[in-house]
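Participant: Okay, predicted coordinates and the sequence, questions at the end:
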Amino acid sequence: MMDDLSLIEGFADALWMERGLSANTLSAYQSDLRAFAHWIARERARSLISAQRLDLLDFLVMRSQQGRKPRSSARLLSCLRQFYQHLIRTGLIREDPSARVEAPKLGRPLPQSLSEAEVEALLTAPDTSDARGHRDRTMLEVLYASGLRVTELVTLRAGQLGLTQGVVRLVGKGGKERLVPLGEEAGQWLATYLKGPRAELLAGRVTDYLFPTSRSECMTRQAFWLLIKRYALEAGVVRPLSPHTLRHAFATHLINHGADLRVVQMLLGHSDLSTTQIYTHVARERLKQLHARHHPRG
């Protein structure tokens, strides 16, 4: 009978051969399995190969009581499942003790959003006295007004705009087309941008992209993300940001002001209403914070 350390090393070797996992991932798996081997030997006088379902459950509970988060417990259970499936494939055990152990429920992380004052500070951060700053301000205005995905924004073409109607036509995930209102403020910034700053940026070059770089190319998501971070720093916005921060703010602020959830779903291009429902939780959290800050008994 192989000892526990040999079993763990054999499992790690098999993972490396079959799936090419990184050294860091393999090290994490080995660390988790050694911790379980040590615990089961001390608490149950058993080896890994003789572990039972109750042993796994008790070990997971113990780790949770030590402060491990559900996501960490889920990763640990995934490691144990892969280990015992490996032992079954190699003929060392017949039954998988992890088969009927349920993974902990993971709460869906709430998207980071900005307050309306923070959005205003971010929007006014670019210096609009030059063409590039005017382009950046217009991009931020359009993003907040329409809730576009960043990829949709940077790949937006002039032909998708309907300034007279005040809409932008998009083809989202799954090839679904949607019309999104731009709003008066974003429409005005776009109209001004198209009259001068865009042509100044292009300097005689031609492109169909609405927001080209100084080389008349399509801006990358990464480049736009760097812009957001720079302007947030200038605006004094210290909250953690993501490339979709303004999209999240768009949805959250609409719901805060009473927008119907299905309308927000349509504007965001979500195929499933449950994806949009997370913004009701964001809005609720914001209301709780405001109540705690301003109510005398908050």
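Facilitator: Arrived safely.

Participant: Ser73 is in contact with Leu60, isn't it?
Facilitator: Yes: between Ser73 and Leu60 there is a contact at 5.6 Å, judged by Cβ atoms under 8 Å. In this view, the C-beta of every residue, glycine as well, is placed from N, C-alpha and C.

Participant: higher neighbour count, the two?
Facilitator: Neighbour count, other Cβ atoms under 10 Å: between Ser73 and Leu60, Leu60 has more, with 21 against 18.

Participant: wait, what's in contact with the spatially closest residue to Trp16 that is not a sequence neighbour?
Facilitator: Of all residues not flanking Trp16 in the chain, Leu26 sits nearest, at 6.1 Å (Cβ to Cβ, 6 or more residues apart in numbering). Counting by Cβ atoms under 8 Å, 6 or more residues apart in numbering, Leu26 touches 12, 15-16.

Participant: Just the buried residues from those, in ChimeraX please.
Facilitator: ChimeraX command restricting these to the buried ones, with burial defined by 16 or more other Cβ atoms under 10 Å:
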select :12,15
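
Participant: Looking at the contacts of Leu26, which one is closest to Leu182?
Facilitator: Leu15 (50.6 Å; Cβ to Cβ).

Participant: what residues does the helix or strand that closest one falls within touch?
Facilitator: For Leu15, the host element (DSSP states H and E) is helix 4-19. The contact list for helix 4-19 (Cβ under 8 Å, 6+ apart) reads 2, 21, 26, 29-30, 33-34, 37, 41, 47-49, 82-83, 86-87, 90, 92.

Participant: what is the rounded mean pLDDT of the helix or strand following that helix?
Facilitator: Per DSSP H and E, the first helix or strand lying C-terminal to helix 4-19 is helix 23-44. In this model, helix 23-44 has a mean pLDDT of 90.

Participant: in helix 23-44, what counts as buried?
Facilitator: Buried residues in helix 23-44, defined by neighbour count with 16+ other Cβ under 10 Å: 26, 29-30, 32-33, 36-37, 40.

Participant: How is this structure divided into domains?
Facilitator: 4-89, 116-294 (automatic domain parsing).

Participant: Now tabulate these in a markdown table and tack on distance to Asp96.
Facilitator: Shown next, in a markdown table, are the domains of the chain (distance: least, Cβ to Cβ, whole Å):
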| stretch | distance to Asp96 |
| --- | --- |
| domain 4-89 | 5 |
| domain 116-294 | 32 |
